[in-house]
Each structure stands twice: as C-alpha cells, then as structure tokens.
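Novice: Curious how this folds, go ahead:
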Amino acid sequence: MPLRPSVFTIALRNAQTSLPLALALILGMSATASYAQSTTAPIEVRTAQGQRAKAPLAWRAPDAARLQFTVQGKYKGMPYQTKAQIDWLPQGQRYEAAQEVQIPIVGSRRQSSVGTIGPTGLLPEIFIDRARKENSATFDAKAGQILFSRGNEPAAWVRGTQDRMSVFFQVAGMIAAAPQRYPQGTKITIQAASSSRVAPWTFTVRGTENLQLPAGRMQALKLEHSSDSSAEDNLQSALWLAPGLQYLPVRIRMQEDGGRDELDLKLQSHTKP
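Specialist: Sure, this is the predicted structure:
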C-alpha cells in the first residue's frame, strides 16, 4: 500500500515573479547549482582539516514526525508571515517525505520523495515537484539512470544519491547514527536530484547552539550552506538539527540578494503523524 502524502508549507511570491533563490533552495530547486555526474561520490564527509572520513557511513532513521513551524520572511524587502509543516513518514523498509507550499493568492506547490531505506540511508525512487505543472525525477537503479520529466539529459544513477526532499532526512539520519563523527568544521556533501538535474549540496557543521523557539528552548546542531561568492544568487542558509528530536530540523533560515529575500522557519510544535 503506498504511503500517504505528507506536507511542508511556506509562503512567498506573487504570480508575476519567479521563485526567489532562497526559497528555491529550501524547496530543493537549487537553480544555479552545477551539474554532477557519477564520477563524484554521492555522499562525502570531510574533516575540518579537509581529509576525507574513512569510517563507513552509518545511518539511523528518525521516528515518524510532524513538525509545525512559524515562518517570517521578506521578498524583495516586503515582509510576510505564515506557517509551515514538515511530515516525515518511515514505514518498515520504505519511507515517504513530502512538502506543500501554500503561496498566498497564487496557490500551492507540492514536493514529495518516495523510496526505500537501506543500511546507509535513503534510496529514493521518485521525486515529484508539482505546482502549475508536475515535474519529476525517477531513480531507475536497474537502468543506472536518473530520468527527468522536463526532458533534460538523464544523469547516471549512483547508490546513495538523494533528491531535494530526502537530503534533509539523509543528513539527519547520518548525524543521529554517529554524532561524534561530525564535530565542528566537518563538511557533508551529498549529491541530490531536483526535477531537472543532479547537483552537490554541502553542509558545514558549526557546532551546538541554544535556541529559543516557539516550541520552547532547545539545543540544536547548526549546519551552514553557502553558495560560491561569485554565484549570481550569493545564497546563505542555515539548518539547525535537534538531538532531542533525533536530529530533525527545528529551524531553517535562508538569505539572499543582500538580505532583501529572507526566510526563517522556527519550530512551533512536533507530534507523531
């Protein structure tokens, strides 16, 4: 029986403008990321000194969770407020994660990832991105390809490659399984597919912080992502993962265009779906 869809809700743009890159990253679009072929390891961990980690990859599935957030943001300097929800649904050796963007006046955007759970993490089978149109990436392990509905050239399938939804839970499960392996300065790079291509996404571990959130005070491990300073988007983002919630995200913050576009999600509540 297929797993029930779940959601991740945020708000942002008017109908006459393109999705800002800060929102695009949190939605998994990463529009300006470079293409990555199979010659690049799908998951790579490097120490603060730049050495590649030699320990075998370990992964632990977080329990099923529904996370609700308050959201504050700006688009082209104009502030807005809304709410967000993330659902994570592991079930035996399978999982589903999905997100739905509620855009005021315009409508909604939904993304979902479905696949299996292996010893070292998630093995996506299909990633769907649906707004005005539906686009997808299909992970065909037998054919050794990732196929894109937009007609882009297929990418080589390599075991461990994620999609732009599953990547959050892949990181969470890696750190939950062996938090001592990810001290401050560690870099985690994961190849992840959008609905049009595969590109690397690198997180740098910055250390533990005490956060005051709508859900209360809690400790969380901060990870940062920054685009190349020469890139057009100049995107800055941060992700906080809470040990008390099996390293699921409790805060997500994005900033680009010199701060004119911002997005800040803070945990309001967490329950079992």
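
Novice: who does the host helix or strand of residue 85 touch, helix- and strand-wise?
Specialist: Here residue 85, judged by DSSP states H and E, is contained in strand 78-91. Applying 3 or more C-beta pairs under 8 Å, 6 or more residues apart in numbering; DSSP states H and E, one finds that strand 78-91 makes contact with strand 65-75, strand 94-103, strand 248-256. (Each C-beta comes from the backbone N, C-alpha and C, glycine too.)

Novice: switch the cut-off to 10 Å
Specialist: Applying 3 or more C-beta pairs under 10 Å, 6 or more residues apart in numbering; DSSP states H and E, we find strand 78-91 packed against strand 65-75, strand 94-103, strand 107-118, helix 166-177, strand 248-256, strand 261-271.

Novice: The fifth one to strand 65-75, inter-axis angle?
Specialist: Yep, that's strand 248-256 we're talking about. Interaxial angle, strand 248-256 versus strand 65-75 (axes from the mean of the first three to the mean of the last three C-alpha atoms, to 10 degrees): 10 degrees.

Novice: Strand 248-256: how far from the chain's middle?
Specialist: Computed by C-alpha atoms, centre = their mean, to the nearest Å, the chain-centroid distance of strand 248-256 equals 10 Å.

Novice: Who does it pair with, and is each partner parallel or antiparallel?
Specialist: Within its sheet, strand 248-256 is paired with strand 236-242 (antiparallel), strand 261-271 (antiparallel), according to DSSP bridges.

Novice: Please identify the most buried of the helices and strands packed on strand 78-91.
Specialist: helix 166-177 (a mean of 24; mean count of other C-beta atoms under 10 Å).

Novice: Can you give the strand pairings for the helix or strand following that one, parallel or anti for each?
Specialist: Next helix or strand after helix 166-177 toward the C-terminus (DSSP H and E): strand 187-193. Strand 187-193 pairs in its sheet with strand 43-46 (antiparallel), strand 162-163 (parallel), strand 198-213 (antiparallel), by DSSP bridges.

Novice: Of the ones you listed, which is nearest residue 148?
Specialist: Ranking these by their distance to residue 148 (criterion: C-beta to C-beta) puts strand 198-213 first, at 9.4 Å.

Novice: okay, that closest one in CSV with CA atoms only?
Specialist: Only the C-alpha atoms of strand 198-213 are listed here, as CSV (Å, rounded to 0.1, in the frame of the first residue of the first chain):
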residue,chain,number,x,y,z
VAL,A,198,21.8,16.4,-10.1
ALA,A,199,24.0,18.8,-8.1
PRO,A,200,26.1,18.8,-4.9
TRP,A,201,24.8,20.3,-1.7
THR,A,202,27.5,20.8,1.0
PHE,A,203,26.7,21.4,4.7
THR,A,204,29.4,22.7,7.2
VAL,A,205,28.9,21.7,10.9
ARG,A,206,29.2,24.9,13.0
GLY,A,207,28.5,23.5,16.5
THR,A,208,25.7,23.3,19.1
GLU,A,209,23.6,26.4,19.9
ASN,A,210,20.8,27.0,22.5
LEU,A,211,17.7,28.2,20.6
GLN,A,212,14.6,29.9,21.9
LEU,A,213,11.8,28.8,19.7
